[in-house]
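Enquirer: Prediction below, plus the sequence it came from.
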Amino acid sequence: MPELPEVETTRRGIRAALVGHTVQALDLREPRLRWRVEPTLAAAITGQRVVDVRRRAKYLLIELESGTLIAHLGMSGSLRVMPLAAPRLVHDHYDLVLDTGQCLRFNDPRRFGSLHWCTGDPHEHQLLASLGPEPLDRGFDAAYLAARARGRRAAVKVFLMDQRIVVGVGNIYASEALFRAGVRPRRAAGRVSRAEWERIVDAIRAVLQEAIKQGGTTLRDYVGADGTPGYFRQELYVYERSGEPCRRCATPIRHLVQGQRSTYFCPSCQK
Ligand SMILES: [Zn+2]
(Lines give C-alpha, C1' and ligand atoms only; values in the text may rest on other atoms or scores of the structure.)
Protein backbone atom coordinates (compact mmCIF):
# COMPACT_ATOMS: atom_id res chain seq x y z
CA MET A 1 0.00 0.00 0.00
CA PRO A 2 1.40 3.44 -0.83
CA GLU A 3 2.25 5.14 2.45
CA LEU A 4 3.18 8.74 3.18
CA PRO A 5 6.69 8.57 1.65
CA GLU A 6 5.31 7.03 -1.54
CA VAL A 7 2.67 9.74 -1.82
CA GLU A 8 5.24 12.46 -1.14
CA THR A 9 7.53 10.88 -3.75
CA THR A 10 4.64 10.94 -6.21
CA ARG A 11 3.94 14.61 -5.38
CA ARG A 12 7.54 15.58 -6.03
CA GLY A 13 7.59 13.52 -9.20
CA ILE A 14 4.46 15.00 -10.78
CA ARG A 15 4.54 18.60 -9.51
CA ALA A 16 6.82 20.16 -12.13
CA ALA A 17 4.86 18.62 -15.02
CA LEU A 18 1.57 20.05 -13.70
CA VAL A 19 2.13 23.48 -12.14
CA GLY A 20 1.45 26.36 -14.53
CA HIS A 21 -0.22 24.11 -17.09
CA THR A 22 -3.88 23.98 -18.02
CA VAL A 23 -6.25 21.05 -17.67
CA GLN A 24 -7.68 20.33 -21.10
CA ALA A 25 -9.92 17.46 -20.07
CA LEU A 26 -10.58 14.77 -17.53
CA ASP A 27 -10.80 11.52 -19.43
CA LEU A 28 -12.63 9.29 -16.98
CA ARG A 29 -12.72 5.69 -18.01
CA GLU A 30 -13.93 4.15 -14.76
CA PRO A 31 -15.84 6.34 -12.28
CA ARG A 32 -16.37 3.48 -9.83
CA LEU A 33 -13.39 4.03 -7.56
CA ARG A 34 -13.65 3.79 -3.76
CA TRP A 35 -16.29 6.48 -4.12
CA ARG A 36 -17.95 7.22 -7.45
CA VAL A 37 -16.27 10.13 -9.20
CA GLU A 38 -18.79 12.97 -9.63
CA PRO A 39 -20.08 13.12 -13.22
CA THR A 40 -19.81 16.94 -13.10
CA LEU A 41 -16.12 16.88 -12.19
CA ALA A 42 -14.72 17.04 -15.73
CA ALA A 43 -16.74 20.15 -16.60
CA ALA A 44 -15.77 21.80 -13.31
CA ILE A 45 -12.01 21.58 -13.87
CA THR A 46 -11.58 21.85 -17.66
CA GLY A 47 -9.72 24.99 -18.71
CA GLN A 48 -8.22 25.65 -15.30
CA ARG A 49 -4.54 26.17 -14.60
CA VAL A 50 -2.73 24.06 -11.98
CA VAL A 51 -1.53 26.38 -9.21
CA ASP A 52 0.27 23.90 -6.95
CA VAL A 53 0.46 20.23 -5.96
CA ARG A 54 0.48 19.67 -2.22
CA ARG A 55 -0.04 16.76 0.13
CA ARG A 56 -2.09 16.23 3.29
CA ALA A 57 -1.62 12.83 4.92
CA LYS A 58 -1.86 10.39 2.00
CA TYR A 59 -4.00 12.71 -0.12
CA LEU A 60 -2.56 14.64 -3.05
CA LEU A 61 -4.06 18.10 -3.33
CA ILE A 62 -3.95 19.34 -6.91
CA GLU A 63 -4.78 22.99 -6.51
CA LEU A 64 -6.52 24.58 -9.50
CA GLU A 65 -7.69 28.18 -9.91
CA SER A 66 -11.16 27.69 -8.42
CA GLY A 67 -10.75 24.64 -6.22
CA THR A 68 -8.72 21.55 -5.34
CA LEU A 69 -8.68 18.01 -6.67
CA ILE A 70 -8.24 15.61 -3.76
CA ALA A 71 -6.68 12.38 -5.05
CA HIS A 72 -5.94 9.23 -3.05
CA LEU A 73 -3.92 6.27 -4.33
CA GLY A 74 -5.85 3.68 -2.30
CA MET A 75 -4.26 0.27 -1.75
CA SER A 76 -2.61 -0.24 -5.10
CA GLY A 77 -2.86 3.01 -7.08
CA SER A 78 -0.21 5.06 -8.85
CA LEU A 79 -0.29 8.43 -10.58
CA ARG A 80 2.21 9.00 -13.36
CA VAL A 81 2.91 11.72 -15.84
CA MET A 82 3.16 10.28 -19.35
CA PRO A 83 2.48 11.16 -22.97
CA LEU A 84 -1.24 11.21 -23.65
CA ALA A 85 -0.59 8.90 -26.60
CA ALA A 86 0.93 6.17 -24.39
CA PRO A 87 -1.18 3.00 -24.64
CA ARG A 88 -3.72 2.63 -21.86
CA LEU A 89 -3.56 -0.37 -19.61
CA VAL A 90 -6.54 -2.28 -18.28
CA HIS A 91 -6.46 -0.64 -14.82
CA ASP A 92 -5.90 2.93 -16.05
CA HIS A 93 -9.01 4.69 -14.72
CA TYR A 94 -8.55 8.37 -15.47
CA ASP A 95 -6.31 10.80 -17.36
CA LEU A 96 -5.97 14.39 -16.29
CA VAL A 97 -5.13 15.76 -19.73
CA LEU A 98 -2.73 18.71 -19.81
CA ASP A 99 -2.01 21.32 -22.48
CA THR A 100 1.52 19.88 -22.83
CA GLY A 101 0.58 16.71 -24.69
CA GLN A 102 1.07 14.83 -21.43
CA CYS A 103 -1.41 13.52 -18.93
CA LEU A 104 -1.52 12.50 -15.30
CA ARG A 105 -2.67 8.89 -15.51
CA PHE A 106 -4.15 6.94 -12.61
CA ASN A 107 -3.70 3.17 -12.52
CA ASP A 108 -5.28 1.18 -9.70
CA PRO A 109 -5.99 -2.57 -9.97
CA ARG A 110 -7.99 -2.68 -6.75
CA ARG A 111 -9.93 0.58 -7.27
CA PHE A 112 -9.60 1.77 -3.66
CA GLY A 113 -8.27 5.13 -4.85
CA SER A 114 -10.48 8.20 -5.03
CA LEU A 115 -10.87 11.58 -6.71
CA HIS A 116 -12.88 14.45 -5.25
CA TRP A 117 -13.36 18.11 -6.17
CA CYS A 118 -13.48 20.69 -3.42
CA THR A 119 -14.13 24.39 -3.99
CA GLY A 120 -13.69 25.42 -0.35
CA ASP A 121 -10.73 24.93 1.98
CA PRO A 122 -9.61 21.33 1.28
CA HIS A 123 -8.49 20.95 4.89
CA GLU A 124 -12.15 21.32 5.91
CA HIS A 125 -13.26 18.60 3.47
CA GLN A 126 -14.85 15.62 5.21
CA LEU A 127 -11.98 13.35 4.20
CA LEU A 128 -9.37 15.61 5.77
CA ALA A 129 -11.08 17.52 8.59
CA SER A 130 -10.49 15.03 11.41
CA LEU A 131 -6.92 14.08 10.54
CA GLY A 132 -4.15 14.50 13.12
CA PRO A 133 -0.99 16.52 12.52
CA GLU A 134 1.59 15.82 9.84
CA PRO A 135 4.53 13.86 11.34
CA LEU A 136 7.09 16.09 9.62
CA ASP A 137 5.50 19.35 10.85
CA ARG A 138 6.56 21.24 13.96
CA GLY A 139 3.26 20.70 15.78
CA PHE A 140 4.04 17.01 16.08
CA ASP A 141 6.25 16.47 19.13
CA ALA A 142 6.66 14.45 22.32
CA ALA A 143 4.49 16.81 24.39
CA TYR A 144 1.61 16.39 21.92
CA LEU A 145 1.88 12.59 21.87
CA ALA A 146 2.22 12.32 25.65
CA ALA A 147 -0.91 14.44 26.10
CA ARG A 148 -2.92 12.38 23.61
CA ALA A 149 -1.68 9.10 25.10
CA ARG A 150 -2.45 9.92 28.73
CA GLY A 151 -4.49 7.11 30.24
CA ARG A 152 -4.70 5.22 26.95
CA ARG A 153 -4.43 1.44 27.15
CA ALA A 154 -4.17 0.94 23.39
CA ALA A 155 -0.87 -0.56 22.25
CA VAL A 156 1.61 2.12 21.25
CA LYS A 157 1.88 0.82 17.69
CA VAL A 158 -1.88 0.83 17.18
CA PHE A 159 -2.00 4.33 18.74
CA LEU A 160 0.63 5.66 16.31
CA MET A 161 -1.24 4.22 13.33
CA ASP A 162 -4.46 6.06 14.31
CA GLN A 163 -4.83 8.83 11.71
CA ARG A 164 -6.61 11.04 14.25
CA ILE A 165 -3.43 11.00 16.40
CA VAL A 166 -0.90 11.49 13.60
CA VAL A 167 -1.22 10.89 9.87
CA GLY A 168 0.93 8.80 7.60
CA VAL A 169 2.59 6.44 10.08
CA GLY A 170 1.65 3.22 8.33
CA ASN A 171 2.45 -0.32 9.33
CA ILE A 172 5.99 -0.44 8.02
CA TYR A 173 7.05 2.90 9.44
CA ALA A 174 5.42 2.28 12.84
CA SER A 175 7.35 -0.99 13.21
CA GLU A 176 10.62 0.57 12.09
CA ALA A 177 10.25 3.68 14.26
CA LEU A 178 9.48 1.66 17.39
CA PHE A 179 12.55 -0.47 16.76
CA ARG A 180 14.76 2.59 16.44
CA ALA A 181 13.19 4.11 19.56
CA GLY A 182 13.70 0.87 21.52
CA VAL A 183 10.03 0.60 22.50
CA ARG A 184 8.02 -2.62 22.26
CA PRO A 185 4.96 -2.34 20.00
CA ARG A 186 2.60 -3.89 22.57
CA ARG A 187 3.33 -1.40 25.36
CA ALA A 188 0.26 0.60 26.42
CA ALA A 189 0.47 4.10 24.90
CA GLY A 190 -0.32 5.60 28.32
CA ARG A 191 2.76 3.93 29.81
CA VAL A 192 5.31 5.28 27.37
CA SER A 193 7.65 7.75 29.10
CA ARG A 194 8.33 11.29 27.95
CA ALA A 195 11.91 10.33 27.01
CA GLU A 196 10.55 7.44 24.95
CA TRP A 197 8.08 9.73 23.16
CA GLU A 198 11.02 11.99 22.28
CA ARG A 199 12.82 9.01 20.75
CA ILE A 200 9.67 7.84 18.97
CA VAL A 201 9.09 11.29 17.40
CA ASP A 202 12.72 11.46 16.24
CA ALA A 203 12.51 7.92 14.86
CA ILE A 204 9.24 8.52 12.97
CA ARG A 205 10.70 11.63 11.37
CA ALA A 206 13.93 9.84 10.50
CA VAL A 207 12.33 6.79 8.89
CA LEU A 208 9.88 8.89 6.87
CA GLN A 209 12.57 11.30 5.71
CA GLU A 210 14.92 8.48 4.74
CA ALA A 211 12.15 6.76 2.80
CA ILE A 212 11.25 9.99 0.98
CA LYS A 213 14.90 10.68 0.20
CA GLN A 214 15.30 7.25 -1.32
CA GLY A 215 12.32 7.63 -3.57
CA GLY A 216 9.60 6.18 -1.44
CA THR A 217 9.28 2.71 -1.06
CA THR A 218 9.08 -0.44 0.40
CA LEU A 219 6.64 -2.18 -1.78
CA ARG A 220 7.04 -4.88 -4.34
CA ASP A 221 4.69 -3.23 -6.80
CA TYR A 222 5.28 0.40 -6.00
CA VAL A 223 6.84 2.74 -8.54
CA GLY A 224 7.46 6.49 -8.37
CA ALA A 225 5.84 9.06 -10.66
CA ASP A 226 8.39 8.36 -13.40
CA GLY A 227 8.07 4.58 -13.08
CA THR A 228 11.21 3.91 -11.04
CA PRO A 229 10.88 1.68 -7.97
CA GLY A 230 11.87 2.93 -4.52
CA TYR A 231 14.72 1.39 -2.58
CA PHE A 232 13.87 1.92 1.09
CA ARG A 233 13.23 -1.79 1.59
CA GLN A 234 16.94 -2.51 1.87
CA GLU A 235 17.12 -0.23 4.92
CA LEU A 236 14.49 -1.98 7.02
CA TYR A 237 15.53 -3.24 10.46
CA VAL A 238 12.53 -5.37 11.42
CA TYR A 239 9.68 -5.21 8.89
CA GLU A 240 9.10 -8.62 7.26
CA ARG A 241 12.33 -9.91 8.83
CA SER A 242 10.69 -12.45 11.16
CA GLY A 243 13.26 -15.05 12.30
CA GLU A 244 16.17 -13.18 10.74
CA PRO A 245 18.92 -11.83 13.02
CA CYS A 246 18.49 -8.29 14.37
CA ARG A 247 20.87 -5.97 12.54
CA ARG A 248 22.00 -4.54 15.90
CA CYS A 249 22.17 -7.51 18.30
CA ALA A 250 21.60 -10.65 16.18
CA THR A 251 18.59 -11.81 18.24
CA PRO A 252 15.95 -13.30 15.90
CA ILE A 253 13.27 -10.74 14.97
CA ARG A 254 9.82 -11.66 16.23
CA HIS A 255 6.44 -11.31 14.60
CA LEU A 256 3.00 -10.75 16.10
CA VAL A 257 -0.40 -9.58 14.89
CA GLN A 258 -1.95 -6.38 16.26
CA GLY A 259 -5.24 -5.03 14.97
CA GLN A 260 -5.03 -7.54 12.10
CA ARG A 261 -1.69 -6.06 11.00
CA SER A 262 1.70 -7.73 11.22
CA THR A 263 4.13 -6.25 13.70
CA TYR A 264 7.85 -7.01 13.87
CA PHE A 265 10.20 -6.28 16.75
CA CYS A 266 13.47 -7.25 18.39
CA PRO A 267 12.79 -8.74 21.86
CA SER A 268 16.24 -7.67 22.99
CA CYS A 269 16.58 -4.12 21.61
CA GLN A 270 12.99 -3.10 22.42
CA LYS A 271 11.71 -2.79 26.00
ZN1 LIG B 1 18.13 -6.35 18.51
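Expert: Nice, thanks for sending it over.
Enquirer: how would you label Trp197: helix, strand or coil?
Expert: Here Trp197 takes the helix state, with states given by DSSP: H, G, I helix; E, B strand; the rest coil.
Enquirer: try the one 4 residues further on
Expert: Of the three states, Val201 takes helix under three-state DSSP.
Enquirer: And the residue nearest to it when sequence neighbours are not counted, how far from the ion?
Expert: In this structure, Val201 finds its nearest non-sequential neighbour in Ala142, 5.3 Å apart by CB to CB, 6 or more residues apart in numbering. Where C-beta positions appear, they are placed from N, C-alpha and C, glycine not excepted. Counting by CB to the ion, to the nearest Å, the separation of Ala142 from the ion is 23 Å.
Enquirer: Kindly report the same for Gly77.
Expert: Taken as CB to the ion, the span from Gly77 to the ion is 35 Å.
Enquirer: Contact partners for that residue?
Expert: Shown in contact with Gly77 (CB atoms under 8 Å, 6 or more residues apart in numbering): Pro2, Phe106, Asn107, Asp108, Arg110, Phe112, Gly113.
Enquirer: now, which of the residues you listed sits nearest the ion?
Expert: Minimum distance to the ion across those is 28.8 Å, recorded for Pro2 (CB to the ion).
Enquirer: what's the neighbour count on the closest one?
Expert: Close neighbours of Pro2, defined as other CB atoms under 10 Å, add up to 26.
Enquirer: Could you identify the helix or strand that succeeds the helix or strand bottoming out on mean pLDDT in the chain?
Expert: Using mean pLDDT, DSSP states H and E, the weakest-scoring helix or strand in the chain turns out to be helix 4-18, at a mean of 92. Once helix 4-18 ends, the next helix or strand along the chain (criterion: DSSP states H and E) is strand 23-28.
Enquirer: Please pick the buried ones from the contacts of Gly77.
Expert: Buried subset of the contacts of Gly77 (neighbour count, 16 or more other CB atoms under 10 Å): Pro2, Phe106, Asn107, Asp108, Gly113.
Enquirer: Including pLDDT and distance to the ion, could the residues you listed go into a markdown table?
Expert: Putting the buried ones among the contacts of Gly77 into a markdown table (pLDDT from 0 to 100; distance: CB to the ion, whole Å) gives the following:
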| residue | pLDDT | distance to the ion |
| --- | --- | --- |
| Pro2 | 83 | 29 |
| Phe106 | 97 | 41 |
| Asn107 | 95 | 39 |
| Asp108 | 94 | 38 |
| Gly113 | 96 | 37 |
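Enquirer: any idea which of these is the one closest to Cys269?
Expert: Pro2 (28.5 Å; CB to CB).
Enquirer: ranges for the strands of this protein?
Expert: With strands called from DSSP state E, the chain shows them at 23-28, 50-56, 59-64, 68-72, 78-83, 92-98, 102-107, 114-118, 254-258, 261-265.
Enquirer: who wins for proximity to Arg248 among those strands?
Expert: Across these, closest to Arg248 is strand 261-265 (CB to CB), at 12.1 Å.
Enquirer: Give me every residue in this protein lying close to the ion.
Expert: Proximity of the chain to the ion, by CB under 5 Å from the ion, involves residues Cys246, Arg248, Cys249, Thr251, Cys266, Ser268, Cys269.
Enquirer: Compare those and tell me which has the most neighbours.
Expert: Cys266 (23 neighbours).
Enquirer: State the distance from whatever residue of the stretch 51-200 of the chain ends up closest to the ion to Gly259.
Expert: Of all residues in the stretch 51-200 of the chain, Phe179 sits closest to the ion, at 7.9 Å by CB to the ion. Phe179 sits at a distance of 18 Å from Gly259 (criterion: CB to CB, to the nearest Å).
Enquirer: Among these two, which residue is more densely surrounded?
Expert: For Phe179 versus Gly259, the count of surrounding residues by other CB under 10 Å is larger for Phe179: 27 against 12.
Enquirer: who touches that one in this structure?
Expert: Applying CB under 8 Å, 6+ apart, the residues near Phe179 are Ala203, Tyr237, Val238, Tyr264, Phe265, Cys266, Cys269, Gln270.
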